[in-house]
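A.B. asks: take this sequence and fold it.
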Amino acid sequence: MPGSHHPTPLSSSAAAVSLTPLHESEERFRLMANAMSQLAWTARADGHLDWYNQRWYEYTGTTPETMEGWGWQCVHDPKELPNVLERWKAAIATGEPFDMTFPLRGADGIFRLFLTRGIPLKNAAGEVIQWLGTNTDVDELKRTEATLRASAEFMRSIVASSPDCIKVLDLESRLLSLEAGQQLLGIKDIAPYLNTLWLDFWARDEDRAAARKAVEAAAAGGEGRFTGFFRTLHGEDKWWEVAITPILNGSNQPERLLAVSRDVTQRRGLEAVLIARAEELAQADRSKDEFLAMLAHELRNPLAPLRNASELLNAENVSAEERLQAQRIISRQIENMGRMIDDLLDVSRITEGKIELRKEPVSLEAILAAATSLARSGCAAHRQELTLSLPDEPVFLEADATRLEQIFSNLLGNASKYAGDGCHITLSARTNGQEVTVSVRDNGVGIAPELLPRIFDLFVQSSRTLDRSHGGLGIGLTLVQRLVELHGGSVTALSEGLGKGAEFMVRLPTLAKAPPCVPLPTPPVAGAIPRRLLIVDDNTDSARSMATLQTRRGHTTRTAFTGPEGLSAAADFLPEVVLLDIGLPGMDGFEVARQIRAMPALSDILLIAMTGYASVQDRDQCRVAGFDEHLIKPVDLAVLREWLASHPRLARR
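C.D. replies: From the prediction side, this is the model:
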C-alpha cells in the first residue's frame, strides 16, 4: 500500500479536513500531486483506490486499469502484503491516519522501500469521505541507516573484544566512560568511578607523575605515553602500557581524551627473562674468553719444563741424578697435560651425551681409599692433614669405578688446591636408607657467596689471578656434577663464606644388598715377555720413541709411517702385536687394520689402535675394523705393558 512521513500540503494534519467546494479542492490536489516527486494516490472512504499520480505509473510501470480498486496489491512484496492489508483495513475501520514503511516493486522488477502515509478527509460530521496518500522513496535512507547501524555495531564489537582497557577522559583526567576493559580491571559497576580523577587510580608516585605528564601532553594536542604498575580489583598485579590521545572538536581543538591501557605484564616478564638470558650468555662468553686464555696458559706451562728437561738430557757431562730429575720432570708434565686433555674430552662427551658408564657392583671403601691415596702426595706438599672416615658396614654401589674415583679425586684435589696450606681435609661417608652421602670438607679459605651459586658452572674458578698459582681449567667441578648425575646422584656445595671452609656433598644410590662378589683389581704384571711389535704412526718422533722404549724392554720392533708401508712391513715382519695410528694420511688406520686381518698369517695377532679420539663411536668403529684394543694418546704405558704380558689374544698364539 502507499504513504509518507513527509506529507503533502493536503496531508499535513492527522485531524479531519473539512472542504467546502470538494471538487475544486480535489482538482487542485491532483495538479500539485502530479508535480510531486513522490508517488501519490486517492481512495474512497471504503479504501477503494480511484486515482494515482503520474509518478506512480512511471515508477511501477502499471496502467490505471490494472490499479483500479485494490489492484495495487500486485506491486507489493507477497511476504509483506498480508501485514499491509491488515493495517490498511484497520485504518479504514477506525478513520485513523495510515503510516507504514514497506517495499514496492518498480517497473524494473526491483523492490524499494517507501514511507507511506494516508490521511483521511472528513466532513463536518466527522465521517471519512476520501483518503489522500503519498509514498516517499526512503530506500537509500534506510540502507544508509542500516549501514550506519551495522558500522556502529561493528565498532562496538571491536571495542568490546579489544584486549585493551579503553577510557574517555575529560581534559583534567576525570573518567567520563569506560568503553572496554571493565572486566579486565575487575570493576562490576563503573558508576561510582565516573567523574573521578583517573590520575588517582595510580598508587605509585612515579606512575601518577608519568600519568599526569601524559594527560598534559594529550590535552595540549599531542600524545602521551608511559608504562605503569596497577593492581586490579581482582588483586592481580599488572603492568600497563598507556597511550593517551586527544579527541578533537569541530574547531580541531582537544575536547576530551582517549586513554588506551594495554596489559604488558607477560611481555615484561618475557623481557626480563630475555635480559637475564642475554646477561647469562654474555657471562658465558666472558667465561669462554677467560677459559681460552687459561687454556693457552696451562698448555704452555708444561712446555717450559719439557724443553728444559730435553736440553738437559742432550747436554754433555750430565750426572745420573740430573738425568733422573729430567726424566721425572718430563713424565710429570706429560701426565699433567694428559689429565687436562682428558678432562676437556670428558666434559665434551658428557655435554653431548656420548659418555658410556661401565657400571658394575663396586665397594665404596675401595673407591674412597684409592682417591685418598692419589690425593695424599698433594696434601703433604701443602702440609695438609687428610682424614678418611667410613661407615661401619660395607657400602656397595652399581657404578663405574673409574668415574667414581675420578669424582672424589677431583673433589679432594680441589680441596687441597684451594683450601690453603696447613688446613684439615676430611673425606667421610654415611648411609641413609638406600643412599650414601660422601662429604669432602675443609677448614680453609671457603667460597665467596657470589661464587657459590655458579660453582659447578663450566670454566668457573674461585680466582683469576695473574700468577695462576692454583692452575687448572675450571672444568673439574662441572665434570664432577655431571658424572654424579649420570650415576643417578646429586652434588651440592656449602660454605659460610670466605675464611670459613667449604664442603662438597655427593649423594649416590646404594645397592640394597651386598653383591656375591666384587671384582678385585688385576695385580701388576711381574715381568715382560719379549714380543714382535710393529709400530705404524705418521708422527715419526712418536713412532721411533715408542720403538726405542719397547726395544729397551726386550721387544723386537719395527716402524712404518704410512698405511702402505705398514702393510708391507706387516707382511715381511710378521708381528705378534701392531700398534696402529688411526689418523694416517691417505690410507687410514681402519683400512690398514682390515687388510692386516685379511692376511692369513696375521689374522690372529693383537691389533691395538692408537688415537686421540675416545668416544663410544670411535671405539665401536675400531672394533668393527678389527682392532682388539683402543689406546688414547698419549699412550698409557702401564696398560700397554699389561697387554703385552698377558693379553688373551697373545695367550692363544
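A.B. asks: going forward, measure contacts and count neighbours with C-alpha atoms only.
C.D. replies: OK.
A.B. asks: shaky segments in the stretch 551-653 of the chain?
C.D. replies: Applying pLDDT under 70 to the stretch 551-653 of the chain flags the ranges 613-616, 652-653.
A.B. asks: now with 90, please.
C.D. replies: 551-554, 582-586, 601, 603-604, 610-622, 630-639, 641-642, 645-653 (pLDDT under 90).
A.B. asks: where do the strands sit along it?
C.D. replies: Ranges of strands within the stretch 551-653 of the chain are 556-560, 577-581, 606-611, 629-632, based on DSSP state E, counting those that start in this stretch.
A.B. asks: give the pairing partners of the longest one; include direction for each.
C.D. replies: Within its sheet, strand 606-611 is paired with strand 577-581 (parallel), strand 629-632 (parallel), according to DSSP bridges.
A.B. asks: what's the most buried one of those?
C.D. replies: When the strands paired with strand 606-611 are scored by mean count of other CA atoms under 10 Å, the highest mean neighbour count falls to strand 577-581 (a mean of 26).
A.B. asks: between strand 556-560 and that strand, find me the angle.
C.D. replies: Put simply, strand 577-581 runs at 30 degrees to strand 556-560, going by axes from the mean of the first three to the mean of the last three CA atoms, to 10 degrees.
A.B. asks: quick one: distance of strand 577-581 to the chain centre.
C.D. replies: Mean-position distance between strand 577-581 and its chain equals 49 Å (CA atoms, centre = their mean, to the nearest Å).
A.B. asks: got the CA coordinates for it in CSV?
C.D. replies: The C-alpha trace of strand 577-581 is given here as CSV (Å, rounded to 0.1, in the frame of the first residue of the first chain):
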residue,chain,number,x,y,z
VAL,A,577,101.4,-57.0,18.0
VAL,A,578,100.6,-54.0,15.9
LEU,A,579,100.4,-50.5,17.4
LEU,A,580,98.5,-48.7,14.7
ASP,A,581,97.7,-45.0,14.5
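A.B. asks: going forward, count from 77.
C.D. replies: Got it, the first residue is 77 from now on, which makes the last one we talked about strand 653-657.
A.B. asks: who's in contact with it?
C.D. replies: 607-614, 665, 669, 681-687 (CA atoms under 8 Å, 6 or more residues apart in numbering).
A.B. asks: returning to what we had before: select, out of the strands of the stretch 627-729 of the chain, the one closest to N490.
C.D. replies: strand 705-708 (25.3 Å; CA to CA).
A.B. asks: from the chain's centroid, how far away is the closest one?
C.D. replies: That offset, for strand 705-708, works out to 41 Å (CA atoms, centre = their mean).
A.B. asks: swap in stretch 722-729?
C.D. replies: With CA atoms, centre = their mean, you get 56 Å for stretch 722-729.
A.B. asks: quick check: buried residues in it?
C.D. replies: Neighbour counts over stretch 722-729 (16 or more other CA atoms under 10 Å) mark R725, L726 as buried.
A.B. asks: could you do stretch 285-300 as well?
C.D. replies: So stretch 285-300, judged by 16+ other CA under 10 Å, has buried residues A286, A287, R288, A290, V291, E292, A293, A294, A295, G297, E299, G300.
A.B. asks: report the beta-bridge partners for the nearest residue to A279 once chain neighbours are set aside.
C.D. replies: Leaving aside its chain neighbours, A279 sits nearest to F306 (7.1 Å; criterion: CA to CA, 6 or more residues apart in numbering). Note on F306: beta-bridge partners K314, judged by DSSP bridges.
A.B. asks: what number of residues lie near F306?
C.D. replies: Neighbour count for F306, taken as other CA atoms under 10 Å: 19.
A.B. asks: do the same with the one 5 residues further on
C.D. replies: Other residues lying near G311 total 10 when counted by other CA under 10 Å.
A.B. asks: if we can go back for a sec, tabulate the strands paired with strand 682-687 (CSV), appending distance to G575.
C.D. replies: CSV is the format used below for the strands paired with strand 682-687 (distance: least, CA to CA, whole Å):
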stretch, distance to G575
strand 653-657, 50
strand 705-708, 41
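A.B. asks: quick one: which of these is nearest T138?
C.D. replies: The nearest among the strands paired with strand 682-687, by CA to CA, is strand 705-708 at 109.2 Å.
A.B. asks: distance of the nearest residue to G182 once chain neighbours are set aside from R120?
C.D. replies: Nearest residue to G182 in three dimensions, chain neighbours excluded: T136, at 4.5 Å (CA to CA, 6+ apart). Distance of T136 to R120, given as CA to CA, to the nearest Å: 21 Å.
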